[in-house]
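model the following, please.
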Amino acid sequence: MTMAQIIKGDCFRVLDEGIHADLGRAIIVTDPPFNVGYHYHEYSDALKPDEYMKMLSSLFDYGIPVVMVNYPETLYRLSAFTGRVPERVVSWVYPSNTGRQHRDIAFYGIRPDFRKVTQPYKTPNDKRIRKLIEKGSTGSRIYDWWQVNQVKNVSREKTGHPCQMPLEVMTNIIGILPDDAVIIDPYAGSGTTLVAAERMGRESIGIEIDETYVDIITERLKKEDEKDR
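Numbering: from 1, shown residues only. Presented below is the predicted three-dimensional model:
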């Protein structure tokens, strides 16, 4: 049975009215619209700069930590606009044929624990590393620089959403947060945050205004539930 809850509606209206979750354990984890003109059905991705900053800054109104994926320049402007400085920042780097090759992940009000997620050793033949492997170690802690391919049209995990987050990125993010965290994604989109949380046995809530994307999320979570049976 899925641990994810999907709520259709405007995220701020839903959050203002209250959700059934332990907000003492809640963390907002989201990649909001980037305001770069993507075509969404129910949302204009071309707000005026101040309107966009006000929208992003409203995520801090609920008194819970916020983890946000966005372009570096946007996160810098957000810190200047709100006076909030992230506890840590991770760079997500991806090879592509576009002028932008990376986005950042900012942790506001929460300090991630990079020891909770491991990666393969980069120098497995080093004497010290070989000794660690012989003792059962499977890798080193994850760093603050992640090279993960974007979800492209030919990607196996691709859905009908125009700006889909890679599952590996969201899995890494959730993995370095507290194990008992309730993950809330106000811009659920294709549902990658919820799928990652589901695979890790975490409680999650996704809010999405577009019925088409709600259907995509529902189908993805249904497939995850069927895998567990």
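
need the pLDDT of the residue located most distally from the centre of the chain.
Most distant residue from the mean C-alpha position of the chain: residue 127, 36.5 Å away (C-alpha atoms, centre = their mean). Residue 127 carries a pLDDT value of 91.

can you check residue 124 too?
88.

so what's it closest to, chain neighbours aside?
Distances taken as C-beta to C-beta, 6 or more residues apart in numbering put residue 133 closest to residue 124, at 6.7 Å, once the chain neighbours are dropped. Heads up, the C-betas are built off the backbone N, CA and C, glycines and all.

check the secondary structure at that neighbour for me.
Assigned by DSSP: H, G, I helix; E, B strand; the rest coil, the conformation of residue 133 is helix.

just checking, it touches residue 121?
Yes - using C-beta atoms under 8 Å, residue 133 is in contact with residue 121, at 7.2 Å.

tell me the SS of residue 138?
coil.

and for it, the neighbour number?
A total of 10 residues lie near residue 138 under the criterion other C-beta atoms under 10 Å.

tell me who's in contact with it.
118, 120 (C-beta atoms under 8 Å, 6 or more residues apart in numbering).

if you set the cut-off to 6 Å instead, what comes out?
By C-beta atoms under 6 Å, 6 or more residues apart in numbering, residue 138 lies in contact with residue 118.

picking that back up, ok, residue 133 and residue 121, which is more surrounded?
residue 121 (17 against 14).

distance of that one relative to residue 169?
Applying C-beta to C-beta, to the nearest Å, the value for residue 121 to residue 169 is 21 Å.

residue 105 reaches residue 68, doesn't it?
No - if you go by C-beta atoms under 6 Å, residue 105 and residue 68 don't touch, sitting 7.3 Å apart.

distance check, residue 205 against residue 7.
7 Å.

more crowded one of these two?
residue 205 (25 against 19).
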